[in-house]
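> make a model of this:
(one chain, ligands or ions: 2)
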Amino acid sequence: MKIENMEELFMAEIEDLYDGEKRLTKALPKMAKASTSPQLKQAFESHLQETQGHVQRLERVFSEMGKPPKSETCEAIKGLIEEGEKMISDTDASPLRDAGIIAAANRVEHYEIAAYGSARTFAQILGLTSAVSLLEQTLEEEKMADKKLTQLAESMINNEALRTAPVHHR
Ligand SMILES: [Fe+2]
Ligand SMILES: [Fe+2]
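Residues are numbered from 1 along each chain as shown. Ligands and ions are numbered 1, 2, ... in the order given. Okay, here's the model as predicted:
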């Protein structure tokens, strides 16, 4: 269906996010299970809780707009999740895998930050005050999740990964 005005464009963004967030509620437990670092496991488990809240906030946005929740396949999140799964199958359970999972998960958070930023800005110019506030709350949690993952990588996991196996120099 053709998008013909700003409200339809806004709803298209929300439908894309709704699909992505629902996929992430299924992917995050797998990322937590595959992680070897207890701190990383914990970070994924706590972001899973937040992600369930993100789904609910989007359902509130649908309801504020007087529409039933609708998903439009988010090819980007789908693809990023597949890359995360490939990272798990390409590595043994080790800090090396943890470092790879973080690199995959940071990509997801950056996508979400971009998408929620645009959706929030669209809601602002449409005068959808309550949607702005719901989307901003989620946007802040995505930024915090991204920072947390980066901090785990840079403070600890990347160095452990470096020691996981000797580097082959030629
Ligand atoms: Fe999210
Ligand atoms: Fe997220």
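> in stretch 74-93, what's buried?
Buried residues in stretch 74-93, defined by neighbour count with 16 or more other CB atoms under 10 Å: 74, 76, 77, 80, 81, 84, 85, 87, 88, 91. Any C-beta I mention is one placed from the backbone N, CA and C, and that applies to glycine too.
> show me those residues that map onto helices.
Judged by DSSP state H, those include 76, 77, 80, 81, 84, 85, 87, 88 as members of helices.
> got the contact list for the fourth one?
If I follow you right, that is residue 81. Residues near residue 81 by CB atoms under 8 Å, 6 or more residues apart in numbering: 23, 24, 27, 108.
> among the ones in helices among the buried residues of stretch 74-93, which one lies nearest to residue 114?
residue 76 (9.7 Å; CB to CB).
> hang on, that closest one packs against residue 19?
No. With contact defined as CB atoms under 8 Å, residue 76 does not reach residue 19; the gap is 10.1 Å.
> could you check how many residues crowd around the residue of the chain found nearest ligand 1?
Closest to ligand 1 within the chain is residue 54: 3.8 Å, counting by CB to the ion. By the measure other CB atoms under 10 Å, the count of residues near residue 54 is 26.
> so what does the helix or strand harbouring it touch, helix or strand wise?
Taking DSSP states H and E as the criterion, residue 54 maps to helix 38-64. Where contact means 3 or more CB pairs under 8 Å, 6 or more residues apart in numbering; DSSP states H and E, helix 38-64 is packed against helix 6-34, helix 95-126, helix 129-152.
> touching ligand 1 at all, the shortest one?
Going back to what we said before, that points to helix 129-152. No. Applying CB under 5 Å from the ion, one finds helix 129-152 separated from ligand 1 by no less than 5.5 Å.
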